[in-house]
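Peer 1: Got a predicted structure plus its sequence, pasted below:
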2 protein chains.
Amino acid sequence: MKNGTSTRERIRREAAALFREKGFNGTSMAELATEVGITKSSLYHHYRSKQALLSEIIEVTVDRVAPLVEEVAQSDLPIRERLGRAVALHTVEAIHDQDSVACFVEEGRYLAPDFMAAHVVKRDRYELIFRRMFEEGITSGEFMDQDVGLAVKAILGMCNSVVRWYRPDGGYTPEQIAAQFAYFAVRGAAAARDLSPSSPGSGT
Amino acid sequence: MKNGTSTRERIRREAAALFREKGFNGTSMAELATEVGITKSSLYHHYRSKQALLSEIIEVTVDRVAPLVEEVAQSDLPIRERLGRAVALHTVEAIHDQDSVACFVEEGRYLAPDFMAAHVVKRDRYELIFRRMFEEGITSGEFMDQDVGLAVKAILGMCNSVVRWYRPDGGYTPEQIAAQFAYFAVRGAAAARDLSPSSPGSGT
């Protein structure tokens, strides 16, 4: 059982790396088996399909990060601080688990309808943690009254884009990137006092 | 010649849609030829490889949008207004040309080294338009002093994420999304007056 679990983990790790490098549709189960160093039939013993594998990669990473973010969201800190910390946490986790998060962000669209439905539920539940923080901040007057759905898409889109360009030798630490994103999120969320009220529409 | 051009355009359009749907590595030239309604040899007459095709899809969209953004960046408007308009323009163009921009954002990583080198030059030149606006705003004191490279990655990451979730029936017009993103970008860029100076580090 212990051994079985660790083989599954190893399969997921190698699969996430291959999917990220070559794309879900550019990776074969045969290739993956070779990479993991097991037979193709052993691979199918662990995962009945490439779809099931992609689905579990995404599920495992969301299930790991969501409770951490939820804990921050539920803490007693001021709402600005909570939003900033949640964004920073999400960013650091995305960088540390880059292959899996890239699967979530870029390969999730290849999921077949049944897996996709489960994926969408999980994604929506994750986004809800951020939406609730926005709603709370707007209600208390600490956040600018704005479309919560769009604000959360903007922030998570910004955070997730890191999986495409982060490199350990790229000149920024995960913490620096997280701090910048948290800063943007908090500035974008916070109630306007010094910026003219016409700013939200300035781009149209 | 006229006819040749329009076939090339049609090939690019169909290819961008297929690459977006199935991934670059999940799409074959044979499939694309069928979709366009030409023979495979005719397809290869227009594009000598799938790599050349992906590269041109990306190049055409960047070459189309960059001058528009550059024009905004060089205008006489205040720097905040210019940044907001450039972000909104980028966002609206990304939505209208979603397949090609998705190729730029998500499929570009599959480019072979020589095509990749050209891609990186173009991408860096595009980012430079935004970097220069940040540098100008920081120099004039209208923008917060922050890491320009990270700020631009944050903003363009936010904007480009739209290609993954925008749907015409999704409840938001391109202009609403553009206005929200422009608002976030301008708020994130603008000099802090009402927010505590510790905000940028609040997430660490």
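Peer 2: Thanks, I have the structure now. Numbering: from 1, shown residues only, chains lettered A, B, ... in the order given.

Peer 1: Contact partners for A:L156?
Peer 2: A:H90, A:E127, A:F130, B:S161 (C-beta atoms under 8 Å, 6 or more residues apart in numbering or on different chains). For the C-beta atoms, the positions are set from N, CA and C on the backbone; glycine is no exception.

Peer 1: Of those, which is the nearest to A:E107?
Peer 2: Nearest to A:E107 out of the contacts of A:L156 is B:S161 (C-beta to C-beta; 15.1 Å).

Peer 1: so which of the contacts of A:L156 is the most crowded?
Peer 2: Counting neighbours by other C-beta atoms under 10 Å in any protein chain shown, A:H90 leads the contacts of A:L156 with 29 neighbours.

Peer 1: got the CA coordinates for the helix or strand of chain A with the lowest mean pLDDT in PDB?
Peer 2: Across the helices and strands of chain A, mean confidence by mean pLDDT, DSSP states H and E is lowest for helix A:2-22: a mean of 87. Below are the C-alpha coordinates for helix A:2-22, written out as PDB (Å, rounded to 0.1, in the frame of the first residue of the first chain):
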ATOM      1  CA  LYS A   2       2.800   2.400   1.000                       C
ATOM      2  CA  ASN A   3       4.600   1.400  -2.100                       C
ATOM      3  CA  GLY A   4       1.500   1.700  -4.200                       C
ATOM      4  CA  THR A   5       0.900   5.200  -3.000                       C
ATOM      5  CA  SER A   6       4.400   6.300  -3.800                       C
ATOM      6  CA  THR A   7       4.300   4.800  -7.300                       C
ATOM      7  CA  ARG A   8       1.100   6.800  -7.900                       C
ATOM      8  CA  GLU A   9       2.800   9.900  -6.700                       C
ATOM      9  CA  ARG A  10       5.800   9.300  -8.900                       C
ATOM     10  CA  ILE A  11       3.500   8.700 -11.900                       C
ATOM     11  CA  ARG A  12       1.600  12.000 -11.200                       C
ATOM     12  CA  ARG A  13       4.800  13.900 -10.800                       C
ATOM     13  CA  GLU A  14       6.300  12.600 -14.100                       C
ATOM     14  CA  ALA A  15       3.000  13.000 -15.900                       C
ATOM     15  CA  ALA A  16       2.600  16.600 -14.800                       C
ATOM     16  CA  ALA A  17       6.200  17.400 -16.000                       C
ATOM     17  CA  LEU A  18       5.500  15.700 -19.400                       C
ATOM     18  CA  PHE A  19       2.100  17.300 -19.800                       C
ATOM     19  CA  ARG A  20       3.600  20.700 -19.100                       C
ATOM     20  CA  GLU A  21       6.500  20.200 -21.500                       C
ATOM     21  CA  LYS A  22       4.700  18.500 -24.400                       C
END
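
Peer 1: Only the buried residues of the longest helix belonging to chain A, if you could.
Peer 2: Determined from DSSP state H, the single longest helix within chain A is helix A:113-140. Residues of helix A:113-140 classed as buried: A:F115, A:H119, A:K122, A:R123, A:Y126, A:E127, A:I129, A:F130, A:M133, A:F134, A:G137, A:I138 (neighbour count, 16 or more other C-beta atoms under 10 Å in any protein chain shown).
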